[in-house]
Structure formats: structure tokens, C-alpha cells
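A.B. asks: no sequence for this one, just the structure:
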Ligand SMILES: Nc1ncnc2c1ncn2[C@@H]1O[C@H](COP(=O)(O)O)[C@@H](O)[C@H]1OP(=O)(O)O
Ligand SMILES: [Mg+2]
Ligand SMILES: [Mg+2]
Ligand SMILES: [Mg+2]
């Protein structure tokens, strides 16, 4: 009997691993003019574009009919003003596509020496991520660098890839090049891949090889329970989380970390819960920021919902629709956490109601 999504899993690991090698090598060489500011004021670097090109090219060679919802698009690079950035991205994508890795599960996906692409092919690969998403069919979603601000600071970031079928995440791979393999050894080896397939569990694999560990969240223990939260206060409200912590009587401080690396840490028990609460009206969470993480949570023994207790809906298009926050934790803590979240939200809304 064949195991569901075995080929897709191997391809996704291989693509994310190549993209991670690219992003880590770019970090050491990044120069000032290799970063752009997008329309929404967020940064994007040559590493984001070239990593999306690499993953998208590998997916396309194996599954030419699968649509892709990717964070980046190549419009700024096609303009005449984007020429030097474009050349650099083509060079980086080709380096990553043609490298010989020599790692066991990096099977031949039609890449390796001799598989260079020209500039048009690289830009087209990036632009294949323009799919609008939706409720039915198979689609991949890519966040080539999640936590670009963390990447630029030399801190945590993640390369994220997920396969969604009929609005359900079936497979997810997260690459975290700067994350210690063992949280208790911060100066030890860094570089983790987190992998989950629906119904098949979650694993951590070393970025440097094949060694893998199965991930299970530890049971709820109030004396050690803590939160994982964004570094950027504009992305998720720090004060809401400290209010939740007070209601639950918790004493451990939160761990601040950029990107979906928080989901990887949660799945392996480094942190009790990941809570993300909106800071202002209008921002809609993107599917590529939560698809892989949500499957890591459920496959390691956790539950993930929004702040009303509803499941995340990956069938609405490129976003998760109306954003009511994200609550992810081990099964036996979810009810308590959700009730604390709702108490804090009600308290925060009181002054607004009395003013109305
Ligand atoms: N106002 C916002 N609220 C929530 N998330 C945001 C907001 N602005 C950007 N983001 C996204 O949050 C993610 C990083 O999350 P974290 O803070 O947990 O590291 C990024 O994908 C980033 O998007 P972008 O990639 O466009 O910068
Ligand atoms: Mg990104
Ligand atoms: Mg992101
Ligand atoms: Mg971004």
C-alpha cells in the first residue's frame, strides 16, 4: 500500500532544504540595495524572490498542473529599474537549483548541474505564485521567507511550503535555518526542518541530514506553561497576551520569536501556546503564514482555532478572511486558553462599547 503524499513530502522537503541553503548563504552576503520595501511597507529581499523561484520551479517540474499561492510576485523585478536586482535573483536561484547537495532524500527532481533557467523562466516561476486560492482542488502555498524582519536581524525566520487539497492542509514543511536543533543548547547545531502530513504525525529533521525525531507536545503544566509570541508588536498584541497570562495564573515569561518557527517550537514542546491577536482593524492573515504551522500543531497533539474557537479556513482565497486571532496549544489546554482569551477580549472591548 502506498503512503499518502509520500512523493509530495519528499519533494517538499527537498525544495525547502534547497531554499534554506540559499537564504542562509544570501544572509552572509546581503548588501544594502538588495532589499526593497513593498507597497504595504514590509521588506522583501533578493533571498525572498529567489527562494520562491527555486521552490516554484521544483514544484512545477514535478506537478505542472498544480497552482501555487505564493507571497511574492515579480512585478517590481520586470521593470527596467529592477534590472540589477533581477540579475542577482536569477544568479542566486540558479546556484540553488544546480547545487549538488548529496543529502539522501534530495532525489532527482530534474534539478542539479545543468538545470539553469534564464531570466524569463525565473520571473515566470516567481509569478506562478499568483493563484488566487479557493475552496476546491489541489494547491501549494509558499512563504519563501516568513519573518523577513527576523531574517534581516539575523534571528529566526522560516521557509514555508504546504499542500492544500479541498481547503484542508494535507502536508506542510517548515525550514528554520537559524533555529537550534535542541532548544536547551542554543550554541549547538542550528537548522531544523519540521514536516507534517495529515494523519501521519509531525517530525523534526536536521537541515544538515536525514536524522529525524517524532514531535509530540507535552501535557499542560501550569508551572512551566508559557507563550510564544511575535517580536513585532504591530503583528500581534503583546498586552493581550500578558492579560491572558495573568488570567491563567501563569508565571513564565513569553518567548518572542519571528515567523512560523513559533509553530515548530510549539510542536516540539518549547513553549506552551502560540497566540496571535490582531492589533488593528483591517489586516487579514495570509494562508502561507499559517498553513504549515496549523498542520504541525494538529499532528503533534494540539488544537488550532481562531479566538472564537472556530477552525482556520484555508478555502477563502489568499487570506484567512476576517481576522479574529489565532490560538494554538496542546489539546488539554485549549479550552482554558480560549476562555482566558475571550475574557481579555471582552475587557478590551468594554471601553469601546461605553464610548459608542
Ligand atoms: N499588521 C500585521 N498583523 C499581523 N501580521 C502581519 C502584519 N503585518 C505583517 N504581518 C505578517 O506577519 C508575519 C510575521 O509574523 P511574526 O510577527 O509572527 O514573525 C509576516 O508574514 C508578515 O507579513 P509580511 O511577510 O508581508 O511582512
Ligand atoms: Mg514572507
Ligand atoms: Mg510570512
Ligand atoms: Mg513578506
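C.D. replies: Nice, thanks for sending it over. For clarity, every value in this text was computed on a predicted model and none was experimentally measured. Residues are numbered from 1 along each chain as shown. Ligands and ions are numbered 1, 2, ... in the order given.

A.B. asks: who in the stretch 151-300 of the chain is up against ligand 4?
C.D. replies: If contacts are counted using C-beta under 5 Å from the ion, no residue of the stretch 151-300 of the chain sits beside ligand 4. Heads up, the C-betas are built off the backbone N, CA and C, glycines and all.

A.B. asks: which residues of the stretch 151-300 of the chain fall in helices?
C.D. replies: Secondary structure of the stretch 151-300 of the chain by DSSP state H, counting those that start in this stretch: the helices cover 238-247, 261-267, 291-299.

A.B. asks: can you tell which of those helices is closest to ligand 1?
C.D. replies: helix 261-267 (6.4 Å; C-beta to the nearest ligand atom).

A.B. asks: helices and strands around that closest one, which ones?
C.D. replies: With contacts taken as 3 or more C-beta pairs under 8 Å, 6 or more residues apart in numbering; DSSP states H and E, helix 261-267 sits against strand 168-180, strand 190-197, strand 201-206, strand 227-229, strand 273-276, helix 291-299, strand 326-330.

A.B. asks: what about 7 Å?
C.D. replies: strand 168-180, strand 190-197, strand 227-229, strand 273-276, helix 291-299 (3 or more C-beta pairs under 7 Å, 6 or more residues apart in numbering; DSSP states H and E).

A.B. asks: got the contact list for the helix or strand hosting residue 97?
C.D. replies: Using DSSP states H and E, the element containing residue 97 is helix 83-98. Contacts to helix 83-98, defined as C-beta atoms under 7 Å, 6 or more residues apart in numbering, come from residues 18-19, 21-22, 26, 34, 46, 49-50, 53-54, 57, 77, 111-117, 119, 122.

A.B. asks: Give me the neighbour count for residue 141.
C.D. replies: 28 (other C-beta atoms under 10 Å).

A.B. asks: ok so, going back, could I get the buried residue list for the helix holding residue 97?
C.D. replies: For helix 83-98, a neighbour-count test (16 or more other C-beta atoms under 10 Å) marks 85-86, 88-90, 92-97 as buried.

A.B. asks: what does the following helix or strand past that helix contact?
C.D. replies: Proceeding N to C from helix 83-98, the next assigned helix or strand is helix 119-127, under DSSP H and E. Residues from elsewhere that reach helix 119-127 (C-beta under 7 Å, 6+ apart): 49, 52-53, 56-57, 60, 72-74, 77-78, 86, 89-90, 93.

A.B. asks: same for the next helix or strand after helix 119-127, what does it pack against?
C.D. replies: Counting by DSSP H and E, the next helix or strand C-terminal to helix 119-127 is strand 138-146. The contact analysis (3+ C-beta pairs under 7 Å, 6+ apart) places strand 138-146 against helix 46-62, strand 68-70, strand 158-165.

A.B. asks: what about 10 Å?
C.D. replies: Packed against strand 138-146 by the contact rule (3 or more C-beta pairs under 10 Å, 6 or more residues apart in numbering; DSSP states H and E) you find helix 6-29, strand 43-45, helix 46-62, strand 68-70, strand 158-165, strand 168-180, helix 291-299.

A.B. asks: How about it and ligand 2, any contact?
C.D. replies: Yes. Applying C-beta under 5 Å from the ion, one finds strand 138-146 in contact with ligand 2 at 143, 145-146.

A.B. asks: residues contacting residue 8?
C.D. replies: Counting by C-beta atoms under 10 Å, 6 or more residues apart in numbering, residue 8 makes contact with 59, 62-63, 66, 138, 140, 161, 163, 165, 170-171, 173, 197.

A.B. asks: run the last query once more with 6 Å
C.D. replies: Contacts for residue 8 (C-beta atoms under 6 Å, 6 or more residues apart in numbering) come out as 163, 171.

A.B. asks: Next: residue 264.
C.D. replies: Neighbours of residue 264 in contact, by C-beta under 6 Å, 6+ apart: 174, 176, 194.

A.B. asks: Quick check: closest non-adjacent residue to it.
C.D. replies: Once flanking residues are discounted, residue 264 sits nearest to residue 194: 4.2 Å by C-beta to C-beta, 6 or more residues apart in numbering.

A.B. asks: Tell me which residue in this structure sits closest to ligand 3.
C.D. replies: Distance from ligand 3 to each residue of the chain (C-beta to the ion) is smallest for residue 146, at 3.6 Å.

A.B. asks: Next, find the distance separating that residue from ligand 4.
C.D. replies: The gap separating residue 146 from ligand 4 is 7 Å, by C-beta to the ion, to the nearest Å.

A.B. asks: Contact partners for that residue?
C.D. replies: Counting by C-beta under 6 Å, 6+ apart, residue 146 has contacts 158, 160, 259-260.

A.B. asks: a markdown table for those residues, including pLDDT and neighbour count?
C.D. replies: Formatted as a markdown table, those follow (pLDDT from 0 to 100; neighbours: other C-beta atoms under 10 Å):
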| residue | pLDDT | neighbour count |
| --- | --- | --- |
| 158 | 98 | 34 |
| 160 | 99 | 32 |
| 259 | 98 | 29 |
| 260 | 98 | 31 |
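
A.B. asks: For ChimeraX, what selects the buried ones among the contacts of residue 264?
C.D. replies: To isolate the buried ones among these in ChimeraX, judged by 16+ other C-beta under 10 Å, type:
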select :174,176,194
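
A.B. asks: wait, which of the contacts of residue 264 is closest to residue 293?
C.D. replies: Using C-beta to C-beta, residue 174 comes nearest to residue 293 of those, at 7.0 Å.

A.B. asks: Alright, that wraps it up for me.
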